[in-house]
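Enquirer: With the sequence up front, the predicted model follows.
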Amino acid sequence: MARVYNWQLGREMSYWYPAARPQRQFAAVFDTNKCIACQTCTLACKTTWTSGKGQEYMLWNNVETKPYGSYPLAYDLKLLEMLNSQQWNGREYAGQTVFESAPAGERVLGWRPEEQDFAYPNVGEDDCAGEVDGGKFLSLPHMNRFFYLARICNHCTYPACLASCPRGSIYKRHEDGIVLVDQGRCRGYQECVKGCPYKKVFFNPLTGTSEKCIACFPKIEQGIQPQCFVNCIGKIRLAGWISRPEQARADNPMDFLVHIKKVALPLFPQFGLEPNVYYIPPIHAPVSFNQQLFGPGAGEAMKVYRNAMNDPDLASLLCLFGSTEMVVPRFRRQGGLAIGSDEKGAEIVRVPMREPVYVRPAFDAKNQLVRINCP
Amino acid sequence: MRYTVLFVLLLAAGCARAPKKVSEVVAVSAAQLPASPSDAAWDRAPEHVAKMVPQDLVEPRLMTPSTPEVRVRALTDGTEISFRLEWEDATRSDKPGPARMNDACAIQIPEKLDKDLPEPQMGQDGKRVQVTYWRADWQATVDGRGDTIQDLYPNASVDHYPYEAKTLEGGAAAHKEMALRYAPARALGNLRAGPRSQPVEDLIAAGPGTLSPGPSLGAKGRGVYGRQRWSVVISRKLPGGLDVDQRTHVALAVWEGSQHETGARKMRTGWIPLVRRAK
């Protein structure tokens, strides 16, 4: 194994291959506080990419009702149990990653989800969430519902799927860091399915190969955000390009949210893959739960987000989420406007941070009518 | 005395039924190569019992041994060579799916007749090996299992596939094109992506992780499961230069699907001498 630097762990770690960071890295920020679990993203992806034979159960994009929702079932809990209790020493991870804890004969610590694990797209979504006659239906360690967690492939810097494949059928594109399964080379061993801790690679039983989220690369190549981003009703998603921490730019939306404001955090950084989808943690979920999912920075990120109304630059960037179909590599605030632009500064979109407010009295004196409160 | 006679008789009867066992794989000449593993023609070939070991040289390794041995016989008509592999398997695994691996077997022969053999583990750079690979789920497809999700999961319910859109009815080419959009492995011509006309495929390798579709050696095969045992016939072109009384080598591998064996996780042999005899 090679030694590579994982900035999310604050230390070097072991990985199957030497570090080979791409020219630029596709990244995304999801604001969990805005997600309403409408699953429009899920359908947008499903319709676009996985409507074929053998793809019926595939959800390259899914939305889980946390704490219990998960697809496949308990994908997160199972691996956390396998890793056992691990510790952070401040912002440095003192525990072991899935690469460092690989058992003898394996490249990665992983497990194989079985058919039944794909039979429950979102446990918790329809379960009893409150009091019913005779008392609460379920008695569980957590509250029934904390928040909604939208998930796609994390297009990790150190992908476990890529490390697991004994044939080199999975590759990370040099031009954008998107991780793909070579459908011409894959022989369907399902090692990647076993290795990916996020379980975002799916075996197609009719083509005999494994398939995964492709970050809608045909769109990304044209500077357009993926399907699950542009169809998001809640406007929770923003795609972009993330730099290494030491190269962070304040005018790069990804860098600003992840490196500068540290309000967006990776999912399960302790697994060691340096995932590139970042989450603004849900501010109404318990801090300890958020820390398990998003690492030791979760509490601080929640404070930063709560204070966004007093942070005009952060507030302006949050206004750009879902504001345009295009990828916005640069942004700036101009007074009360959020302005997104391309890398050369050409404007793509401008959004007012505050919409004009009109107050109409309930009673219309001119027409002698009581107004009904609807648009 | 009576029991002794009985014992001797039983022993003699047993010996008469037992196949002739040899320390190498002997390919005996036959006018016609049998397609079926139960064909009586196989009785003419001596049986070699090959002990198997887990693949534990490269990750991912097989850490728990499974199939201990495979019995192999070989016949040749001078153009093709056929092998019959038989092994005990209490569980028939021929349905693909998440975490479902399939029973399989393969024969491996050096690409060139050379005394300096390639590494038995998938060959090596500059010394390639030819692999002919049979798999149980492909056999099921060839034997008539359909190419739909309901063939794998009879109770599966699917609302709609885009290629079934009414606007595409009557246009076979349009149907096919639309179906391929959602089957990228098939669109790219991945030979593994089926549907198949043969349950075997020709492959070539130059070391672990390099297995690729190889030049066609006319691979054919047929596997039959019964009495908790697989009997599989694998045929391919006779290795170039393997004349009568000439020798090359063969290595064998078996995958036990119920043990999640796939790819590098397999039971294998080292090189076994393979000799061609006139009879």
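Expert: Now that the structure is in, tell me what you want to look at. Remember, predicted model here, so these are calculated numbers, not experimental data.
Enquirer: So, low pLDDT: which residues of the stretch 1-150 of chain B?
Expert: B:1-20 (pLDDT under 70).
Enquirer: and if we set it to 50?
Expert: B:1, B:4-18 (pLDDT under 50).
Enquirer: Point me to the residue of the stretch 51-200 of chain B nearest chain A.
Expert: For the stretch 51-200 of chain B and chain A, the shortest gap (Cβ to the nearest Cβ) falls at residue B:182, measuring 2.3 Å. Glycine gets a C-beta too; all of them are placed from N, C-alpha and C.
Enquirer: For residue A:81, what is the enclosing helix or strand?
Expert: With secondary structure defined by DSSP states H and E, residue A:81 is part of helix A:75-83.
Enquirer: show me where chain B has strands.
Expert: Secondary structure of chain B (DSSP state E): strands at B:25-29, B:48-51, B:53-54, B:69-76, B:80-88, B:104-110, B:129-135, B:200-205, B:212-213, B:220-226, B:229-237, B:247-255, B:267-268, B:272-277.
Enquirer: will you turn the ones you listed into CSV that also has mean neighbour count and distance to residue A:342?
Expert: CSV is the format used below for the strands of chain B (neighbours: other Cβ atoms under 10 Å in any protein chain shown; distance: least, Cβ to Cβ, whole Å):
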stretch, mean neighbour count, distance to residue A:342
strand B:25-29, 20, 66
strand B:48-51, 17, 64
strand B:53-54, 16, 55
strand B:69-76, 23, 62
strand B:80-88, 22, 61
strand B:104-110, 25, 51
strand B:129-135, 25, 50
strand B:200-205, 22, 47
strand B:212-213, 14, 41
strand B:220-226, 19, 57
strand B:229-237, 23, 57
strand B:247-255, 23, 52
strand B:267-268, 26, 55
strand B:272-277, 18, 64
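Enquirer: Adding distance to chain A, write those out as JSON lines.
Expert: Output for these, formatted as JSON lines (distance: least, Cβ to the nearest Cβ, whole Å):
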{"stretch": "strand B:25-29", "distance to chain A": "26"}
{"stretch": "strand B:48-51", "distance to chain A": "21"}
{"stretch": "strand B:53-54", "distance to chain A": "9"}
{"stretch": "strand B:69-76", "distance to chain A": "21"}
{"stretch": "strand B:80-88", "distance to chain A": "20"}
{"stretch": "strand B:104-110", "distance to chain A": "11"}
{"stretch": "strand B:129-135", "distance to chain A": "9"}
{"stretch": "strand B:200-205", "distance to chain A": "10"}
{"stretch": "strand B:212-213", "distance to chain A": "8"}
{"stretch": "strand B:220-226", "distance to chain A": "17"}
{"stretch": "strand B:229-237", "distance to chain A": "18"}
{"stretch": "strand B:247-255", "distance to chain A": "10"}
{"stretch": "strand B:267-268", "distance to chain A": "14"}
{"stretch": "strand B:272-277", "distance to chain A": "24"}
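Enquirer: Tell me how many other residues surround the residue in chain A that chain B sits nearest to.
Expert: Taking Cβ to the nearest Cβ, chain B has its nearest neighbour within chain A at residue A:52, 2.3 Å off. Neighbourhood size, residue A:52 [other Cβ atoms under 10 Å in any protein chain shown]: 23.
Enquirer: sec struct for it, please.
Expert: Three-state call for residue A:52 (DSSP: H, G, I helix; E, B strand; the rest coil): coil.
Enquirer: How about it, nearest residue that isn't a chain neighbour?
Expert: The shortest distance from residue A:52 to any non-neighbouring residue, by Cβ to Cβ, 6 or more residues apart in numbering or on different chains, is to residue B:182 (2.3 Å).
Enquirer: isn't the one you found right next to residue B:163, touching?
Expert: Yes - contact status for residue B:182 versus residue B:163: in contact at 7.4 Å, counting by Cβ atoms under 8 Å.
Enquirer: Of the two, which one has the most company?
Expert: residue B:182 (22 against 19).
Enquirer: gap between the more buried one and residue B:175?
Expert: To residue B:175, residue B:182 is 12 Å away according to Cβ to Cβ, to the nearest Å.
Enquirer: Name the residues contacting each of those two.
Expert: Jointly contacting residue B:182 and residue B:175 under the rule Cβ atoms under 8 Å, 6 or more residues apart in numbering or on different chains are residue B:163.
Enquirer: And the pLDDT for residue A:201?
Expert: For residue A:201, the model assigns a pLDDT of 98.
Enquirer: What's the separation between it and residue A:167?
Expert: From residue A:201 to residue A:167 the distance is 14 Å (Cβ to Cβ).
Enquirer: Settle it for me: which of these two has more neighbours?
Expert: Set residue A:201 next to residue A:167 and count neighbours by other Cβ under 10 Å: residue A:201 wins out with 27 against 18.
Enquirer: Over to that one: give its phi and psi.
Expert: Phi and psi for residue A:201, reported as degrees, to the nearest 10, are phi -120, psi 140.
Enquirer: Perfect, that will be all.
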